[in-house]
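Asker: Here is a sequence together with a model predicted from it:
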Amino acid sequence: MCLAIPAKVVAIDAAADQATVALGGVSKQVSLALVDDVAPGDYVLVHVGYALNKISPEEAERTLEIIAEAGAALEGSA
Amino acid sequence: MADFAGRLNIRLSRASGGFGVAIESSRPVTACRVFVGRTVSETLGRLPALFSICTTAQASACVGACEAALGLVPCPAATDLRRFLVDAETLKEHLWRILLDWPRFLGEVPQAPGMAAVMHAYSALRKALGAAEVLTPGAESALGADRTAAGRALDELARVITEQVLGIPAPDWLAGTREPEAFTAWSRRSSTVAARVLRLVQESGWVSFGATEVQALPDLSDETLEDLLGGEHAGDFVAAPLWQGLPAETSPYTRSAGHPLVAALTAEHGGGLLARLAGQLVELATAQEGLVRAIAGRAVHNGASERRMGRGAGLAQVAAARGLLVHRVALAGDRVEDYRILAPTEWNFHPDGVVARGLAGLPAGDEATLRRQAAMLITAVDPCVDYDVSIS
């Protein structure tokens, strides 16, 4: 699916332009090269190792809910 | 959750005269079942969360399918703007490949600042053209379009394409590379990553890698697709589609196959790496030129939407960045009863499709070279998800 998943920024390595994000309970390194002004605590959409854009916590929560619903629908149809 | 996007697992095993290739996909092709029982506006509201990369093409297909089911005909200006926005998204997606993925083929770092500028410009363009209003069922007008701001965003996209991809403005590049000799001369002269990747492919003798006999998916009528996507085998079809029993390809390459340069390269070398990468550049340059002309040209003509008799089911075909995207919806009143999406990745990365067969024909070299060649071929066809390649 042509999908980017919301993740919470945990820590930032400014020199490497990288962030550690929490993604579904797993911590992951992503590049911040495509976004501006990201701080720890922010939510970003993550796609193939890049943070795409900043989103509000409410938007992140809503997006995760829809993805979870779709995941449940998948299991139901499998 | 992190794996919800799905992956392609591509396995190459050495065999006599080539490779055995197995492609397994965990793409959640039936995730759109989540729309069942929702209203049209709830469906449209949920779509961007599930399709955040090719949002515009997906939204355009969803709106078009719902309109067809409801009997709504949007005004011509909205239809034009939807096409324009999808083309702009294709531009952005091609630039992602060329600026972030292609440098790796040369052992260089991705050109992230260029891509950051593209993302900014693309988002400004969407805002300037009122994407949210235009991508609404029965859109009445395109009054929200701010042509000046859209023009500025397009100028910025053109600047990145000129400076970081083609080396010269897109119209000059298109006019100057219509023959294979001129194209080769450009790849030797220009110092952009794109030019140097094309030079590498030619100088390494990789021009024909990945060429296969897989057919291009022909234009299909809405009625034909309705039969395939509305029938009882629709679930199997969207997971591993075949056309008349055979795999088919729908991609930037098949779309650009009629262009003089791509046609000449295909005639000479087959539909391998050279023709494919050239096709992607041709589509990029053509799209940029077309968008500039569209924004500078005709005034936005506003018109009313029309209402016809709805048939309860409808579908829409959209030329998305990676190929043909089809949405099909069946409504019961305002609620979704059935929803199917047929995406290009399922055609192109079919277990017996163009990538599987192309990889099977790669020459047996050392593992590092083989990995590089496989990555180039996979990227040239372009899945919309991450992938792994294993070689045994």
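Answerer: That came in fine, so what should we check first? Residues are numbered from 1 along each chain as shown, chains lettered A, B, ... in the order given.

Asker: Just give me how far the helix ranked longest in chain B sits from the chain centre.
Answerer: Assignment by DSSP state H gives helix B:273-296 as the longest helix of chain B. Distance, stretch centre to chain centre, for helix B:273-296: 12 Å (C-alpha atoms, centre = their mean, to the nearest Å).

Asker: Okay, strands next: where are they in chain A?
Answerer: Secondary structure of chain A (DSSP state E): strands at A:5-13, A:18-23, A:26-31, A:43-47, A:50-55.

Asker: what angle separates the longest one from strand A:18-23?
Answerer: Same thing as strand A:5-13. 140 degrees (axes from the mean of the first three to the mean of the last three C-alpha atoms, to 10 degrees).

Asker: Mind giving me the packing neighbours of strand A:5-13?
Answerer: Counting contacts by 3 or more C-beta pairs under 8 Å, 6 or more residues apart in numbering or on different chains; DSSP states H and E, strand A:5-13 is packed against strand A:18-23, strand A:26-31, strand A:43-47, strand A:50-55, helix A:57-77. Using the backbone N, CA and C atoms, a C-beta is placed for each residue, glycine as well.

Asker: Of the ones you listed, flag the one that's most buried.
Answerer: strand A:43-47 (a mean of 23; mean count of other C-beta atoms under 10 Å in any protein chain shown).

Asker: Within its sheet, name the partner strands of that one and how each one runs.
Answerer: Its sheet considered, strand A:43-47 pairs with strand A:5-13 (antiparallel), strand A:50-55 (antiparallel) by DSSP bridges.

Asker: I'd like the mean pLDDT over it, please.
Answerer: Mean pLDDT, strand A:43-47: 92.

Asker: do the same with stretch A:15-26
Answerer: 90.

Asker: Same check on stretch B:203-221?
Answerer: 96.

Asker: Contacts for it next, please.
Answerer: Outside stretch B:203-221, the residues that touch it by C-beta atoms under 8 Å, 6 or more residues apart in numbering or on different chains are B:200-201, B:243, B:246-250, B:254, B:257, B:265, B:269-276, B:317, B:323-324, B:347, B:353-355, B:357-359, B:361-362, B:373, B:376-377, B:380-381.

Asker: Produce a PyMOL select command limited to the buried residues of those.
Answerer: In PyMOL syntax, the buried subset of these is picked out as below (16 or more other C-beta atoms under 10 Å in any protein chain shown):
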select buried, chain B and resi 200+201+243+247+248+249+250+254+257+265+269+270+271+272+273+274+275+276+317+323+324+347+353+354+355+357+358+359+361+362+373+376+377+380+381
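
Asker: Is it possible to get CSV of the helices and strands packed on strand A:5-13 that adds distance to residue B:280?
Answerer: What follows is the helices and strands packed on strand A:5-13, written out as CSV (distance: least, C-beta to C-beta, whole Å):
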stretch, distance to residue B:280
strand A:18-23, 29
strand A:26-31, 23
strand A:43-47, 20
strand A:50-55, 20
helix A:57-77, 30
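
Asker: Quick check: residues of chain A near chain B?
Answerer: A:1-5, A:17, A:23-26, A:28, A:31, A:33-35, A:45, A:47-48, A:50, A:52-53, A:62-64, A:66-71, A:73-74, A:76-77 (C-beta under 8 Å from any C-beta of the partner chain).

Asker: Repeat the analysis, applying 7 Å as the threshold.
Answerer: With C-beta under 7 Å from any C-beta of the partner chain as the criterion, chain A meets chain B at residues A:1-5, A:23-24, A:26, A:31, A:33-34, A:45, A:47-48, A:63, A:66-67, A:69-71, A:73-74, A:77.

Asker: coming back round to it: out of the strands paired with strand A:43-47, which is closest to residue B:36?
Answerer: strand A:5-13 (22.8 Å; C-beta to C-beta).

Asker: which parts of that closest one are buried?
Answerer: For strand A:5-13, a neighbour-count test (16+ other C-beta under 10 Å) marks A:5-9, A:12 as buried.

Asker: likewise stretch B:378-392?
Answerer: For stretch B:378-392, the neighbour count (16+ other C-beta under 10 Å) marks B:378-385, B:387 as buried.

Asker: Those: which ones sit near chain A?
Answerer: Applying C-beta under 7 Å from any C-beta to these, those adjacent to chain A are residue B:384.

Asker: So, low pLDDT: which residues of chain B?
Answerer: Within chain B, the stretches with pLDDT under 70 are B:1-3, B:141-144, B:297-310.

Asker: Where do the strands of it begin and end?
Answerer: B:8-15, B:18-25, B:72-73, B:215-216, B:248-249, B:306-307, B:313-320, B:323-332, B:335-342, B:387-391.

Asker: Relative to chain A, which of the buried residues of stretch B:378-392 is nearest.
Answerer: Nearest to chain A among those: residue B:384, at 4.5 Å, using C-beta to the nearest C-beta.

Asker: And the closest one, how far from residue B:7?
Answerer: Distance of residue B:384 to residue B:7, given as C-beta to C-beta, to the nearest Å: 11 Å.

Asker: Show me whatever sits in contact with both of these two.
Answerer: Counting by C-beta atoms under 7 Å, 6 or more residues apart in numbering or on different chains, residue B:384 and residue B:7 have no contacts in common.

Asker: on that earlier part again, select, out of the strands of chain B, the one closest to residue A:39.
Answerer: Using C-beta to C-beta, those put strand B:387-391 closest to residue A:39, at 32.2 Å.

Asker: Can you give the distance of stretch B:5-19 from its chain's centre?
Answerer: 23 Å.

Asker: likewise stretch B:316-330?
Answerer: With C-alpha atoms, centre = their mean, you get 10 Å for stretch B:316-330.

Asker: How about stretch B:152-170?
Answerer: 20 Å.

Asker: Which residues outside it are in contact with it?
Answerer: Contacts of stretch B:152-170 (C-beta under 7 Å, 6+ apart): B:91, B:95, B:98-99, B:111, B:114, B:117-118, B:121, B:124-125, B:128, B:173, B:190, B:192, B:194-195, B:284-285, B:288-289, B:291-292, B:295.

Asker: so which residue of the stretch 151-300 of chain B comes closest to chain A?
Answerer: residue B:235 (7.8 Å).

Asker: before we move on, what about the stretch 51-200 of chain B?
Answerer: Closest point on the stretch 51-200 of chain B to chain A, by C-beta to the nearest C-beta, is residue B:112, at 3.3 Å.

Asker: Isn't that residue up against residue A:18?
Answerer: No: with contact defined as C-beta atoms under 7 Å, residue B:112 does not reach residue A:18; the gap is 11.3 Å.

Asker: joint contacts of those two?
Answerer: residue A:31.

Asker: hmm, back to that, tell me the contacts of the residue of the stretch 151-300 of chain B closest to chain A?
Answerer: residue B:30.

Asker: follow-up on the earlier one: just the buried ones among the contacts of stretch B:152-170, please.
Answerer: B:91, B:95, B:98-99, B:111, B:114, B:117-118, B:121, B:124-125, B:128, B:173, B:190, B:192, B:194-195, B:284-285, B:288-289, B:291-292, B:295.

Asker: which ones are touching the nearest residue to residue B:256 once chain neighbours are set aside?
Answerer: The spatial neighbour of residue B:256 that comes closest, neighbours along the chain excluded (C-beta to C-beta, 6 or more residues apart in numbering or on different chains), is residue B:279 at 4.0 Å. Residues counted as contacts of residue B:279 (C-beta under 7 Å, 6+ apart) are B:252-253, B:256, B:262.
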